[in-house]
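Asker: Dropping the sequence and predicted coords here.
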Amino acid sequence: MPVHNADIARVFEEIADLLELESGNPFRVRAYRNAARLLGGLRLDVAAQLAEGKALPKLPGIGDDLSAKMREIAASGTCKLREQLRKRAPAGITELLRIPGLGPKKVQALYRELDVHTPQQLHRAARDGRLRGLHGFGAKSEKKLLEAVQAQLGKARRYKLALAAQYAEPLAEHLRAACGVERVVVAGSFRRMRETVGDLDILVAAEDSRDALRRFTAYGEVKRVLASGTTRASVVLASGIQVDLRVVPAQSFGAALHYFTGSKAHNIAIRKLGQARGLKINEYGVFKGKRRVAGETETSVYAAVGLPEIAPELREDQGEIEAARRGALPRLVERSDLQGDLHAHSKATDGRNTLREMAEAARAQGLCYLAITEHSRRVTMAHGLDPQRLAQQIDQIERLNRELRGITLLKGIEVDILEDGTLDLPNSILARLDLVIGAVHSKFDLSRARQTERLLAAMEQPYLSIVAHPTGRLIGAREAYDLDMLAVIRKAHAKGVFLELNAHPERLDLSDVHCRMAKDGGVLVSIDSDAHDLDGFGNLVYGVGQARRGWLEKKDVLNCRPLAELKKLLGARRERSA
DNA sequence: GCCGTTTTCGGCCCGACTGTTTTCAGTCG
């Protein structure tokens, strides 16, 4: 069984939890958590690297001990420390730490005093009124915990970004109408464009916080008010999503926005830089002694620590601070840089609109070209095209292009990559297209080796231009298939093939980390909507957000090229494989 | 457990809110 970075990260997270439950050194706990986070963003496969006999590069926050543990876990799947810690704690107790309101101290008390170590046991104890007798617990916390554990036993805790936006934007609008409110920004992971968000963080600038807070807790969709003070409040909406509101005066807005946008790791790193300069950074500003020296804008906060402003999407403490210091921050791609879209469907298969309607909608979104890429025959559910129907569509598109103004339709296909890496349509018809995107829609459960081989073989096919949604994951619903992404990127580079960043909110595939790997590997990424109807183009903003999280610049994105240049690149790919 | 223009030991980001407390610990972000 190959050990992935995520597996090592999970072991480190568990060690951190277990150490915390033993009241271990909090900085030691943090070292394990930092290592787990670092592994999440790492663009090399630790186990594979070690298996090839190569040394690990020096990684920030990883010293002799942690790097030895990484080797141990890569080789064995576990590590001695975790096993020892597990022996000293009841099975499953780390689950309790996931329940809001419970931290290590309270979990310890629950276990020692009541022998409670699972959410189910906690539920019973709270229901039976056994918590209130414990030191540090009372009737109120018992009630809160009962609600929290019931919610926990219920459902998923993270929301896809596009879904969160549906809750966030109307609420932000509602707050803008409050007395004295100058600005409202949805901060947190939402602003960083993470693919999912756990809760919403809304920041308001107002001299007097009272009306904004009142309006917030009285919002029609609020189901429960969790906390409400003079500068902040937390609620749960009917949909189950938690929203935190923070109100600050305008002169603190930049500092508060920085603080409330996170990530936590990025904030800690920035505050450390401040500390080294004798500055204290908090949500009210940057202070030298009692004197505020910055904080009205985010730019001023960064300037105070000698850095240019860093885009929210980069704030993960994954090298952005070092890049800022060197003046090497990427100039991130923007939605307006997109010249076209290379993946869309029409009524001919599983889309809902005609070719003309799709073309006009794309043009209205400011795009100059749109590739029509229907499914191929193998995808029977979607009435995939066979060579005859595809030939008809090619004729249709050629006719339509003579009538359309301001937008060009490209003739394409989303052809299935079969189990052996061959394509679902013959070269004779693929040769007539402007571009061919290849996708895996079946046999997701092949071994890592065979799945990788399948994609590598597909890239050997002369007409394949782009690999669509390369890992096949559906966020929260289906895991990515097991794949050696580095090998795929190397092959793509060698063959002149491009990789898609599918912008559909359920896919966002490539991930941010994979985008960065593609960039490192010199492979252009195509940010595509996969639109099945006129609204589908709206998803491009999420694709761009993910690309920005992956450090992509305009020059790294295939469909930021004007049409003539795009055609040259697609042509070059064919010549190379001819 | 990590790390060094305060350094190889002694630090490690910072503040709000809650509930239980009898002056503050625990949790959260």
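Answerer: Looks like it arrived, so ask away.
Asker: what about A:Val204, which SS state?
Answerer: Put simply, A:Val204 is strand when judged by DSSP: H, G, I helix; E, B strand; the rest coil.
Asker: Tell me if A:Lys58 really is in a helix.
Answerer: No: counting by three-state DSSP, A:Lys58 is not part of a helix but coil.
Asker: And the pLDDT at it?
Answerer: The pLDDT attached to A:Lys58 in the predicted structure is 88.
Asker: Not counting sequence-adjacent ones, nearest residue to A:Glu313?
Answerer: A:Arg548 (4.0 Å; C-beta to C-beta, 6 or more residues apart in numbering). C-beta here means a position set from N, CA and C on the backbone, and glycine is covered the same way.
Asker: Count the residues that sit near the residue of the stretch 151-300 of chain A at minimum distance from DNA strand B.
Answerer: Of all residues in the stretch 151-300 of chain A, the one sitting closest to DNA strand B is A:Gly229 (2.4 Å; C-beta to the nearest atom of the strand). A:Gly229: 10 surrounding residues under other C-beta atoms under 10 Å.
Asker: Repeat that for A:Gln121.
Answerer: A:Gln121 has 18 nearby residues by other C-beta under 10 Å.
Asker: packing partners for the helix or strand A:Phe287 falls within?
Answerer: Following DSSP states H and E, the helix or strand that holds A:Phe287 is strand A:285-288. Strand A:285-288 makes packing contacts with strand A:280-282, strand A:291-294, helix A:298-304 when contacts are defined by 3 or more C-beta pairs under 8 Å, 6 or more residues apart in numbering; DSSP states H and E.
Asker: Quick one: mean pLDDT for it?
Answerer: 92.
Asker: before we move on, back to that, give me the pLDDT for the residue of the stretch 151-300 of chain A closest to DNA strand B.
Answerer: 89.
Asker: Can you give me the separation between it and A:Gly412?
Answerer: 55 Å (C-beta to C-beta, to the nearest Å).
Asker: A:Leu552 now?
Answerer: Distance of A:Leu552 to A:Gly412, computed by C-beta to C-beta: 22 Å.
Asker: What of A:Gly198?
Answerer: With distances taken as C-beta to C-beta, A:Gly198 is found 37 Å from A:Gly412.
Asker: Equivalent analysis for A:Asp211, please.
Answerer: The value you get for A:Asp211 to A:Gly412, if C-beta to C-beta is used, is 53 Å.
Asker: which one of the two has more residues nearby?
Answerer: A:Gly412 (27 against 17).
Asker: Which per-residue confidence value corresponds to A:Ala323?
Answerer: With respect to pLDDT, A:Ala323 has a value of 94.
Asker: correct me, but it touches A:Leu329?
Answerer: Yes: at 5.1 Å, A:Ala323 counts as touching A:Leu329 under the criterion of C-beta atoms under 8 Å.
Asker: number of nearby residues for the residue nearest to A:Glu313?
Answerer: Neighbour tally, A:Arg548, other C-beta under 10 Å: 23.
Asker: quick one: contacts for it?
Answerer: A:Met193, A:Ala311, A:Glu313, A:Leu314, A:Leu332, A:Val333 (C-beta atoms under 8 Å, 6 or more residues apart in numbering).
Asker: Tell me the spacing between the residue of the stretch 151-300 of chain A closest to DNA strand B and A:Asp528.
Answerer: Distance, A:Gly229 to A:Asp528, by C-beta to C-beta: 45 Å.
Asker: Then A:Asp199?
Answerer: Plainly put, A:Asp199 is 30 Å away from A:Asp528 if you go by C-beta to C-beta.
Asker: Give me the more crowded residue out of these two.
Answerer: Per other C-beta under 10 Å, whichever of A:Asp199 and A:Asp528 has more neighbours is A:Asp528, with 30 against 17.
Asker: The residue lying closest to A:His383 once chain neighbours are set aside: what's it in contact with?
Answerer: Nearest residue to A:His383, sequence neighbours excluded (C-beta to C-beta, 6+ apart): A:Thr349, at 5.1 Å. Contact analysis of A:Thr349 by C-beta under 8 Å, 6+ apart lists A:Glu374, A:His375, A:Val379, A:Ala382, A:His383, A:Gly384, A:Leu385.
Asker: repeat that for 7 Å
Answerer: A:Glu374, A:His375, A:Ala382, A:His383, A:Gly384, A:Leu385 (C-beta atoms under 7 Å, 6 or more residues apart in numbering).
Asker: For the stretch 351-500 of chain A, list the residues in contact with DNA strand B, please.
Answerer: By C-beta under 7 Å from any atom of the strand, no part of the stretch 351-500 of chain A sits against DNA strand B.
Asker: I misspoke; the intended subject was the stretch 51-200 of chain A.
Answerer: Going by C-beta under 7 Å from any atom of the strand, the residues of the stretch 51-200 of chain A near DNA strand B are A:60-67, A:81, A:99-107, A:132, A:135-142, A:144, A:188, A:199.
Asker: mind listing which of those are in strands?
Answerer: Secondary structure from DSSP state E places A:Asp199 of these in strands.
Asker: so of the residues of the stretch 51-200 of chain A next to DNA strand B, which ones are in helices?
Answerer: Counting by DSSP state H, those place A:64-67, A:81, A:104-107, A:139-142, A:144, A:188 in helices.
Asker: show me what contacts A:His258?
Answerer: Neighbour list for A:His258: A:Glu298, A:Val301 [criterion: C-beta under 7 Å, 6+ apart].
Asker: Is it located within a strand, as I assumed?
Answerer: No: looking at A:His258 with three-state DSSP, it is helix, so not inside a strand.
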